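In: return a 3D structure for these sequence lines:
(2 chains)
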Amino acid sequence: MTPSIAADEARDILPASTPQERLRNFCIIAHIDHGKSTLADRMLQITGVVDSRAMRAQYLDRMDIERERGITVKSQAVRMPWQVDGVNYALNMIDTPGHVDFTYEVSRSLAACEGAILLVDAAQGIEAQTLANLYLAMENDLTIIPVLNKIDLPGADPEKYAAEIGQLVGVDPDDVLRVSGKTGFGVEELLDHVVRTLPSPQGDPEAPCRAMIFDSVYDTYRGVVTYIRVIDGSLKARDRIDMMSTGAHHELLEIGVSSPEPHPTQGIGPGEVGYLITGVKDVRQSKVGDTITTSIRGATEALEGYSDPKPMVYSGLFPIDGSDYPVLRDALDKLKLNDAALLYEPETSTALGFGFRVGFLGLLHLEIIRERLEREFNLDLIATAPSVVYQVVMEDGSEVEVLNPSDFPVGKVREISEPITRATILVPSEFIGAVMELCQSKRGVLGGMDYLSEDRVELRYTLPLAEIVFDFFDQLKSKTRGYASLDYDVSGSQVADLVKVDMLLQAEPVDAFSAIVHRDKAYNYGVEMAGKLKKLIPRQQFEVPIQAAIGSRIIARENIRAMRKDVLSKCYGGDISRKRKLLEKQKEGKKRMKNIGSVEVPQEAFIAALSSDEGDMPKDSKKK
Amino acid sequence: MNPLSVYVHVPFCAVRCGYCDFNTYTATELGGGGSQAEYADNAMREMDLTLAADRAAGYDYEQVSTVFFGGGTPTLLPADDLVRMLEHLRTLIPLAPDAEITTEANPDSVTRASLSRLADGGITRVSLGMQSAVPSVLATLDRTHDPEKVPQAVAWAKEAGLDVSLDLIYGTPGETLTDVETSVKAALACGVDHMSAYSLIIEGNTAMARQLRRGELEAPDPDDMADKYELVDDLARADGLSWYEVSNWARTEAQRSRHNLAYWRGTDWWGIGPGAHRHRDGLRSWNVKHPSRYARMLAEGEMPVADAEQVAAEDRLVERIMLELRIADGLAVEVVPEEKRAMLAVHRERGHLDADALAGGRAVLTRQGRLLADAVIRDLVP
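Out: Predicted coordinates for the structure are as follows:
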């Protein structure tokens, strides 16, 4: 057994003065419910940085929503001391976001490490997102330590899954470690293994400082806390620093390491991981992937791999109570401080009133933001169907970027491009047919297929992002009885035969229901939407035609027949007060109606029409 | 000095019908002086107190222009009780020489003798709850009378010199258009000069609503209701009756129910009896519902009022539009708030308001408009 090191005995691994050969930087790649947080907690306990009493379950996940959903959105780093063969080491565990929408953040976390623990549930095997992140880690030349977790579970099948991941990583199944984060079994051996097998950082201590930002978190009291990995040189507490992407200068207010509470230090040395605080108030001033250098004798060349976060999915968010609009605006302003990928601008909809067009990295990002807005700011929101970004080239050669179907340009269109994804689907082999059929119906192109094991297959497809955000994930789950897992990554764009379908009520377009769809699916969309609206919109005093149209061409039509009876039959002395009050109530209801031309539509009808498309979100929330 | 209408609510029935949510009781013996036998005395006590209260508030009345005994089933009380109440009222305020004095009655709660006694005692009009002429429809409604009794009761009433109105209900679950036709024709064949027809409303707290929830009855369909209403109106018109309120038809203007018109024209009326409502110059109040509690309060010399509301000026305007638009005389367009007047033309275009009447300055519903009266009202009130 390897004892943990008391803090005062660890003078040879103090921050800013630990030699690089005594450092090990690693992350854990795992699927959402495969036990990453539990294992991380156990490591904190075993290395003594958190004592058992102070232990909060899943210490590293800060936000309530993350804790509840078992999703780690924001990564952090923890410095842990560990002794192997009488030598002290400092281990930096960098927590990575575990979800498809945060690929870029994952890639930056990976770039801060020399190695990765590939953690797989011994009862479930590897999932598509884990596989994608594993490939990412391998492309980054990380040393992979394959580990099966939850081996204490009765349903565990370590032999089978050791063979599977052994084959993926290229190791002998016997070399796949077996642990239980829950009981702590095998965790010390795992820590030893980290020290023995991972390379130490190989930065140049004498070179000008280059540190990579791998996370940036807004804290109400301290402003933005920036997490960095120093690659070359070192940072000292008194340095002035530059952000290399923008050239902005900052004073360092504090620099330190977290273990896991922040400990200010004199500096951060080469190969080390730590945090810094400059007093900026917005994570946009401290961007993930950016390189930090010292203002004096700084580096001239930034580290590779920086890019700006780019929203892939847009949705209109509208407060159900119109008077909540300022609350929504303030809430978005607050969330933006901590989310560099969140973009928004005001949007006005005839159907839904005032709101915002919000850009997200993907569907989960959308879902998290929406849930936080509703929960933390007490807002009731309605979200329009998520839409991707289209590039439209007009006949005259001008180009328009369309973030919102209702902003689709009028006039002759030469071509429309849509984003496409590289999608990976892992599925038991019995469902191959069903998945292929689904992907085909979603305009997918098969790129390849591999057997991970005898009965598990990896299918690689090129799929339009628009098809994925529509209802792909739900259908995939239902057609595979929940066994399929999906990962996708936007890989480019393609020209496609797309059209904008408008829904018209009495010849007036209802902006919230305009959609850009493939021409082959326009008719289905129109018929389905018209049928849905017919069911949801109450009969009016006159007949209301509902039409679906491409430009001026009507492709589907329904009729809401005129209401014929709206009168209380009896109205005598004792009924008058009651009737007047009923009338007042009906008038209140009328105020909450949205007028599309002269058609009165209750907001609930819009909500119902929009929300019946819900449930698309790939939310692999944790099983409780 | 204003004319006054008096409504007397008799809260007793032999059986409670499945669709009924009125304030009515089937027990003959209710504690605390609330029994049927004590009802007339209680009502007369309430008349005394009401007049005193009105006078104390500076209101007095020259004449009573209409009286209406409703229920419940007023004719469940001995005819003498109704006459006694009327006599008592007359001692308080004179009855107009042409006063309209109506009582509701069930076809099986009247006899030739009782009707004649009522006529002798000053009753001028009887409104019979016929509901339907079709036995299966009557059974669904829990009505106990034999449809054959209706023509007989009408004949007896006419013989006694009473004006007669028949009340019909259409839209009972299971009722066909042919059933409605049968019922209306049967009613008109009795030779009446006034008819009311109400679409069945299944209120949430009734036995019928529970049957509906259990799926034992089919929910009423508004289009079917509209078809039936139009059928009723066609048949009434063919017989020479014309509508004068959404659910009421009369042969001549003189045969319209003046008591009900008083409600729709916003005049003052008393409401005597448990749960009854009264109106005096914008003040609405209503009595406690239970006959026993009602009787106890009266015994203590207290007005049996449960609560009251002073209707604000704007609400009085709402009520005026809401009520006057329901009647054939319609509503003077000046009454409609200026910012809502544009809607008058919209509803004329939609065929809800009569174009000729509107040109003459009055908003009068067309037949299509009558069926959509509430929608029109919502567009015209402030």
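In: only C-alpha atoms from now on, for both contacts and neighbour counts.
Out: Will do.
In: so what's the residue of the stretch 351-500 of chain A found nearest chain B up against?
Out: Ranked by Cα to the nearest Cα, the top residue of the stretch 351-500 of chain A for proximity to chain B is residue A:351, at 21.1 Å. Going by Cα atoms under 8 Å, 6 or more residues apart in numbering or on different chains, residue A:351 touches A:510-512, A:594-596, A:603, A:606.
In: which one (most neighbours) among the residues you listed?
Out: The most crowded member of the contacts of residue A:351, judged by other Cα atoms under 10 Å in any protein chain shown, is residue A:512 (23 neighbours).
In: my read is it is in a strand, agree?
Out: No. Assessed with DSSP: H, G, I helix; E, B strand; the rest coil, residue A:512 is helix; it does not lie in a strand.
In: can you verify my assumption that it contacts residue A:352?
Out: Yes. Judged on Cα atoms under 8 Å, residue A:512 makes contact with residue A:352 at a distance of 7.3 Å.
In: confidence score at the closest residue to chain A within the stretch 51-200 of chain B?
Out: Proximity of the stretch 51-200 of chain B to chain A (Cα to the nearest Cα) peaks at residue B:198, 5.5 Å away. Note on residue B:198: pLDDT of 95.
In: excluding its backbone neighbours, what's nearest it?
Out: Leaving aside its chain neighbours, residue B:198 sits nearest to residue B:169 (4.9 Å; criterion: Cα to Cα, 6 or more residues apart in numbering or on different chains).
In: hang on, the earlier thing: show me which of the contacts of residue A:351 is closest to chain B.
Out: residue A:595 (13.9 Å).
In: how about that closest one, secondary structure?
Out: At residue A:595, secondary structure determined by three-state DSSP is strand.
In: residue B:133 now?
Out: coil.
In: can you pull the contacts of residue A:537?
Out: A:560, A:601-602, A:605.
In: got it, and residue A:576?
Out: Contacts of residue A:576 (Cα under 8 Å, 6+ apart): residue B:319.
In: ok, back up a step: could you dump the contacts of residue A:537 to a markdown table with distance to residue A:49?
Out: Compiled in a markdown table, the contacts of residue A:537 are given as follows (distance: Cα to Cα, whole Å):
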| residue | distance to residue A:49 |
| --- | --- |
| A:560 | 67 |
| A:601 | 59 |
| A:602 | 57 |
| A:605 | 54 |
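In: among the residues you listed, which pair sits farthest apart?
Out: Spatial extent of the contacts of residue A:537 (Cα to Cα) is set by the pair A:560 and A:602 at 14.6 Å.
In: in whichever strand or helix holds residue A:581, what's buried?
Out: Counting by DSSP states H and E, the element that carries residue A:581 is helix A:576-591. Neighbour-count burial for helix A:576-591 flags A:576-577, A:579-580, A:583-584, A:587, A:590 (criterion: 16 or more other Cα atoms under 10 Å in any protein chain shown).
In: average model confidence for it?
Out: Here the average pLDDT along helix A:576-591 is 87.
In: and if you look at stretch A:20-31?
Out: Mean per-residue pLDDT for stretch A:20-31: 94.
In: put the alpha carbons of it into CSV.
Out: Provided in CSV are the C-alpha atoms of stretch A:20-31 (Å, rounded to 0.1, in the frame of the first residue of the first chain):
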residue,chain,number,x,y,z
GLN,A,20,9.0,18.2,-14.6
GLU,A,21,10.0,14.6,-14.2
ARG,A,22,8.0,14.6,-10.9
LEU,A,23,4.8,15.8,-12.7
ARG,A,24,2.1,13.8,-14.3
ASN,A,25,-0.8,15.4,-16.1
PHE,A,26,-3.8,13.3,-17.0
CYS,A,27,-7.5,13.4,-17.6
ILE,A,28,-10.2,10.8,-17.5
ILE,A,29,-12.2,9.9,-20.6
ALA,A,30,-15.5,8.3,-19.8
HIS,A,31,-19.1,8.2,-20.8
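In: flag every buried residue along it.
Out: A:20, A:22-31.
In: tell me which parts of the stretch 501-624 of chain A are close to chain B?
Out: Residues of the stretch 501-624 of chain A found near chain B (Cα under 8 Å from any Cα of the partner chain) are A:541-542, A:563-570, A:572-574, A:576, A:580, A:583, A:586-587.
In: what pairs with the host helix or strand of the residue nearest to residue B:198, and is each one parallel or antiparallel?
Out: Using DSSP H and E, residue B:169 falls within strand B:163-170. Next to strand B:163-170 in the sheet, as set by DSSP bridges, lie strand B:125-131 (parallel), strand B:194-199 (parallel).
In: pick the most buried one from those.
Out: strand B:125-131 (a mean of 24; mean count of other Cα atoms under 10 Å in any protein chain shown).
In: where do the strands of the stretch 101-250 of chain A begin and end?
Out: A:115-121, A:143-149, A:177-178, A:210-219, A:223-232, A:235-236, A:240-243, A:249-251 (DSSP state E, counting those that start in this stretch).
In: model confidence over stretch A:214-226, on average?
Out: 86.
In: what do you get for stretch B:308-319?
Out: The pLDDT scores in stretch B:308-319 average 94.
In: so what touches it?
Out: A:576, A:580, B:282-286, B:335, B:381-382.
In: and if you look at stretch A:285-298?
Out: By Cα under 8 Å, 6+ apart, stretch A:285-298 touches A:105, A:108, A:208-216, A:224, A:226, A:235, A:239-245, A:249, A:299, A:302-303, A:305-308, A:340.
In: now the residue most central in space within chain B. Nearest residue, chain neighbours left out?
Out: When chain B is reduced to its mean C-alpha position, the nearest residue by Cα atoms, centre = their mean turns out to be residue B:260, at 6.4 Å. If the residues on either side of it in the chain are set aside, residue B:260 comes closest to residue A:572, at 6.9 Å by Cα to Cα, 6+ apart.
In: tell me the predicted confidence for the one you found.
Out: 89.
In: state the distance from it to residue B:70.
Out: Residue A:572 sits 11 Å away from residue B:70, going by Cα to Cα, to the nearest Å.
In: ditto for residue B:264
Out: According to Cα to Cα, residue B:264 stands 17 Å off from residue B:70.
In: for the helix or strand bottoming out on mean pLDDT in chain B, buried residues please.
Out: Lowest on mean pLDDT, DSSP states H and E among the helices and strands of chain B sits helix B:207-213, with a mean of 89. Using 16+ other Cα under 10 Å as the test for burial, helix B:207-213 gives B:207-210, B:212.
In: and if you look at stretch B:66-81?
Out: B:66-79, B:81.
In: before we move on, what about stretch B:173-189?
Out: Of the residues in stretch B:173-189, B:173, B:175, B:177, B:179-181, B:183-188 count as buried by neighbour count, 16+ other Cα under 10 Å.
In: with stretch A:478-495 instead?
Out: So, applying 16+ other Cα under 10 Å, buried residues of stretch A:478-495: A:479-480, A:484-489, A:493.
In: between all of the residues you listed, which two are separated the most?
Out: Going by Cα to Cα, the pair spanning these furthest: A:480 and A:493, at 28.2 Å.
In: contacting residues for residue A:233?
Out: Neighbours of residue A:233 in contact, by Cα under 8 Å, 6+ apart: A:203-210, A:269-270.
In: so where's chain B shaky on pLDDT?
Out: B:1 (pLDDT under 70).
In: hey, where'd the strands end up in it?
Out: B:2-10, B:61-71, B:95-105, B:125-131, B:163-170, B:194-199, B:242-245, B:248-250, B:269-272, B:277-280, B:283-287, B:305-310, B:331-332, B:362-363 (DSSP state E).
In: note down every partner strand of the first one and its orientation.
Out: If I follow you right, that is strand B:2-10. In its sheet, and by DSSP bridges, strand B:2-10 pairs with strand B:61-71 (parallel), strand B:269-272 (parallel).
In: likewise the third one?
Out: If you go by DSSP bridges, strand B:95-105 pairs up with strand B:61-71 (parallel), strand B:125-131 (parallel).
In: what comes into contact with the longest one?
Out: By Cα under 8 Å, 6+ apart, the list of residues contacting strand B:61-71 from outside reads B:1-12, B:22-24, B:93-96, B:98-104, B:258-259.
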